[in-house]
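*Asks:* Got a sequence here, can you build the structure:
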Amino acid sequence: MRHGPGGAGYWRGGGAGGLIQNSTNSSLTLSGAANTINGNVSISAGTLILNGSTPLSLSGSWTNSGTFTANTSTVTMTGTGTITNSGTGNFNNLTINGSGQTVTLGAALTVGAALTVTAGAFDPSSYLTTVTGAFSVTDTIKVGASTFAGNYSKGPTLNAGSTVNYSAGNQTASTTLLYQNLTISGSGTTTLAGATVAATTTISGGALSLTNNTTFSGNVVVNSGGTFYCATAGKTTTFTGGKTVTVNTGGQFNIAGSNGNPIILTKTGTGQWFITMNGTYSVNYATINYSTASVSITPTNSTDGIGSSDVNWTFGPAVSCSTSPSSTSFGTLDSSIVNTSNLTAVTTFSCVASGGCTLYVNDLGTSTTAGLYAGSATSTPIILSNTTTLVAGIEGYGIQAATTTAGTGATMIINSIYLQTGNAVGGLTTSPTAIASSTAPVTGREIIVTHKAAISALTKQGSYSDTITYSCVGN
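*Replies:* Residues are numbered from 1 along each chain as shown. Down below sits the predicted model:
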């Protein structure tokens with residue numbers, strides 16, 4: 001240890017082995033292979049010089065409002081403390097090496113060479129850390145700014161076992177880091193627009209919101225107060241076979257795709273991905289692949305994308321349709337006109353199948369021949385059903401189909417046979433015939449069917465009836 005002008009009197013022990021400089025126009029040069037300060041270093045005036053590559057280790061805080069000359073030295077922080085380097089001079093190499101300890105910034109920091117986080121946590125709070133040389137992390141770095149770049153001038157090398165902890169309010173996570181462990185512990189929403197997390201993801205506060213394709217190679221843990229959230233339709237979240245998403249009591253697992261554009265939850269690797277649900281969930285418009293849940297999970301508007309690949313996921317009907325009213329009537333048929341039923345049959349149609357769905361119609365007739373019949377269904381139909389243009393005085397029977405503006409999702413496309421106007425009709429058959437279809441999911445779409453018939457003056461008198469069945473399937 002060499003003192004500059006003013007002698008040793010300008011430096012004094014800072015309690016518990018600390019070092020304090022509080023005199024102007026003095027300097028202290030430290031040399032040797034080991035310089036350990038069991039406490040704080042405070043430079044309120046004068047200069048501290050580390051000769052050449054001289055190392056300095058301290059267990060407390062670093063405060064510099066004077067002058068610090070680092071040369072090629074390394075300063076190592078081994079305890080919990082604050083770095084406030086607001087004076088003149090920057091660190092050369094700075095190492096954080098205190099297991100279980102946290103070093104927090106009290107001002108912006110510049111490291112002229114390497115910043116190394118070996119053990120413990122480095123917390124820049126809201127300040128910028130500028131690193132000129134290598135930036136290597138083996139333990140934990142925190143992000144307290146709204147973006148990673150708001151705290152760090154460059155991305156680090158994240159070694160095995162390292163953790164990046166987003167710990168503030170609303171934040172945007174870096175998409176370029178090769179995350180090992182990822183922790184979300186803030187009070188707001190951390191948005192991640194795509195990344196791969198190699199080890200464990202832990203959400204202990206706030207929400208992790210995925211806005212692009214993301215892969216989780218390790219386990220995911222959602223603790224009380226945390227939310228795993230994806231609401232960007234059409235994106236894929238990939239878990240890893242054999243790994244588990246654990247939603248603890250007070251945690252939330254929320255997936256929200258959209259009609260026709262579901263979010264895909266799938267896996268990479270072999271085996272199922274598991275979800276242990278002790279918290280709450282909301283899964284809507286999702287396609288689930290290769291998952292085993294610890295309890296029954298009932299998503300809405302969602303499908304088993306592979307088909308029977310999911311365990312304890314209870315899916316609602318992929319396709320549903322209902323027709324109202326249950327009957328229509330022509331009243332008294334008149335041979336001088338083309339007769340139209342008094343009511344139209346409206347089928348409301350919904351499906352979540354990614355390929356859309358199809359509505360079919362079939363006519364009971366005599367079981368072999370479609371048409372309006374008199375008497376029992378085994379009698380010969382008097383008025384046959386054909387695709388034709390009806391003319392008053394000539395027997396004929398058929399239907400027309402149209403869509404409405406009701407509902408959402410893909411457009412229902414009417415089969416050209418039934419897309420008729422005026423007195424043109426499509427003929428019915430005794431086997432299911434597609435009347436309308438979509439190429440993507442729909443909700444609440446409507447198909448309107450109008451029945452038309454014509455008779456001749458020779459048509460046998462009687463009570464005519466027909467039974468028509470509508471059915472719907474996913475494509």
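*Asks:* quick one: residue 415 from residue 471, how far?
*Replies:* 14 Å (CB to CB, to the nearest Å). Every residue, glycine included, has its C-beta placed from N, CA and C.
*Asks:* ditto for residue 156
*Replies:* Taking CB to CB, one finds residue 156 at 60 Å from residue 471.
*Asks:* more crowded one of those two?
*Replies:* residue 156 (22 against 14; other CB atoms under 10 Å).
*Asks:* Look up how far residue 122 lies from the more buried one.
*Replies:* For residue 156 relative to residue 122 (CB to CB), the value is 10 Å.
*Asks:* same check, this time on residue 338
*Replies:* From residue 338 to residue 122 the distance is 84 Å (CB to CB).
*Asks:* quick one: which of the two has more around it?
*Replies:* residue 122 (25 against 19).
*Asks:* in which helix or strand would I find that one?
*Replies:* According to DSSP states H and E, residue 122 maps onto strand 115-123.
*Asks:* same deal with residue 425?
*Replies:* strand 424-425.
*Asks:* ends of stretch 437-445, how far apart?
*Replies:* End-to-end span of stretch 437-445 (CA to CA, to the nearest Å): 11 Å.
*Asks:* just checking, residue 383 touches residue 459?
*Replies:* Yes - between residue 383 and residue 459 there is a contact at 7.1 Å, judged by CB atoms under 8 Å.
*Asks:* who touches both of these two?
*Replies:* residue 395 (CB atoms under 8 Å, 6 or more residues apart in numbering).
*Asks:* got the contact list for stretch 108-115?
*Replies:* Under CB under 8 Å, 6+ apart, the answer for stretch 108-115 is 70, 72, 83, 85, 90-95, 122, 124, 127-136, 156.
*Asks:* Name only those of those that count as buried.
*Replies:* 70, 83, 85, 90-95, 122, 124, 127-129, 131, 135-136, 156 (16 or more other CB atoms under 10 Å).
*Asks:* domain ranges for this protein?
*Replies:* The record assigns the chain these domain ranges, following automatic domain parsing: 1-159, 180-189+197-316, 320-474.
*Asks:* quick one: contacts for residue 146?
*Replies:* Residue 146 neighbours (CB under 8 Å, 6+ apart): 168, 169, 170, 171, 172.
*Asks:* Give me the phi and psi for the nearest residue to residue 263 once chain neighbours are set aside.
*Replies:* With CB to CB, 6 or more residues apart in numbering as the criterion, residue 263 has its nearest non-adjacent residue at 4.0 Å, and that residue is residue 257. For residue 257, the backbone dihedrals (degrees, to the nearest 10) come out as phi -80, psi -160.
*Asks:* again, but for residue 86
*Replies:* phi -100, psi 0.
*Asks:* Pretty sure it sits against residue 67.
*Replies:* No - using CB under 8 Å as the test, residue 86 is too far from residue 67 to be in contact (11.5 Å).
*Asks:* ok, these two, which is more surrounded?
*Replies:* residue 67 (16 against 13).
*Asks:* how much space between that one and residue 195?
*Replies:* 42 Å.
*Asks:* same check, this time on residue 307
*Replies:* Relative to residue 195, and taking CB to CB, residue 307 is found at 30 Å.
*Asks:* Show me which of the two is the more surrounded one.
*Replies:* Taking other CB under 10 Å, residue 307 and residue 195 do not tie; residue 195 has more neighbours (19 against 8).
*Asks:* What is the burial count for the closest residue to that one other than its chain neighbours?
*Replies:* If the residues on either side of it in the chain are set aside, residue 195 comes closest to residue 175, at 5.3 Å by CB to CB, 6+ apart. Residue 175: 15 surrounding residues under other CB under 10 Å.
*Asks:* helix/strand/coil for residue 175?
*Replies:* Following DSSP: H, G, I helix; E, B strand; the rest coil, we place residue 175 in the coil state.
*Asks:* What separation do you get for it and residue 213?
*Replies:* From residue 175 to residue 213 the distance is 11 Å (CB to CB).
*Asks:* What of residue 28?
*Replies:* 55 Å.
*Asks:* who's more crowded, those two?
*Replies:* Between residue 28 and residue 213, residue 28 has the larger neighbour count (other CB under 10 Å), namely 20 against 16.
*Asks:* Would you quantify the distance from the more buried one to residue 458?
*Replies:* Residue 28 is 123 Å from residue 458, by CB to CB.
*Asks:* cool, residue 161 as well?
*Replies:* Relative to residue 458, and taking CB to CB, residue 161 is found at 93 Å.
*Asks:* So for those two, which sits in the more crowded spot?
*Replies:* Neighbour comparison, residue 161 and residue 458: the larger count goes to residue 161, with 12 against 8 (by other CB under 10 Å).
*Asks:* contacting residues for residue 265?
*Replies:* 236, 237, 239, 255, 286, 287, 288, 289, 291.
*Asks:* The second one: what's it in contact with?
*Replies:* Contacts were defined as CB under 8 Å, 6+ apart; by that measure residue 237 touches 210, 213, 214, 216, 230, 255, 263, 264, 265, 266.
*Asks:* Do I have it right that the fourth one meets residue 244?
*Replies:* No - distance between residue 216 and residue 244: 10.4 Å, which falls outside the contact criterion (CB under 8 Å).
*Asks:* which one of these two has more residues nearby?
*Replies:* Using other CB under 10 Å as the criterion, residue 216 and residue 244 rank with residue 216 on top: 26 against 17.
*Asks:* and the more buried one, what pLDDT?
*Replies:* The score at residue 216 is 98. That number is its pLDDT.
*Asks:* again with the one 4 residues further on
*Replies:* pLDDT, the model's per-residue confidence, is 98 for residue 220.
*Asks:* do residue 2 as well
*Replies:* pLDDT at residue 2 comes out at 37.
*Asks:* Residue 445 belongs to a strand?
*Replies:* Yes - assessed with three-state DSSP, residue 445 lies in a strand.
*Asks:* With adjacent residues omitted, what lies nearest to it?
*Replies:* Nearest to residue 445 is residue 407, by CB to CB, 6+ apart, at 3.9 Å.
*Asks:* Same question for residue 206.
*Replies:* Nearest to residue 206 is residue 186, by CB to CB, 6+ apart, at 4.4 Å.
*Asks:* element containing the residue lying farthest from the centre of the chain?
*Replies:* Computed with CA atoms, centre = their mean, the maximum C-alpha offset from the centroid of the chain is found at residue 458, amounting to 67.7 Å. Counting by DSSP H and E, no helix or strand carries residue 458.
*Asks:* mind showing which ranges of the stretch 151-300 of the chain have poor pLDDT?
*Replies:* In the predicted model of the stretch 151-300 of the chain, no residue satisfies pLDDT under 70.
*Asks:* Local confidence estimate at the residue farthest from the centre of the chain?
*Replies:* 89.
*Asks:* quick one: contacts for it?
*Replies:* So residue 458 contacts nothing (CB under 8 Å, 6+ apart).
*Asks:* That one and residue 393, how far apart?
*Replies:* For residue 458, the distance to residue 393 - CB to CB - is 10 Å.
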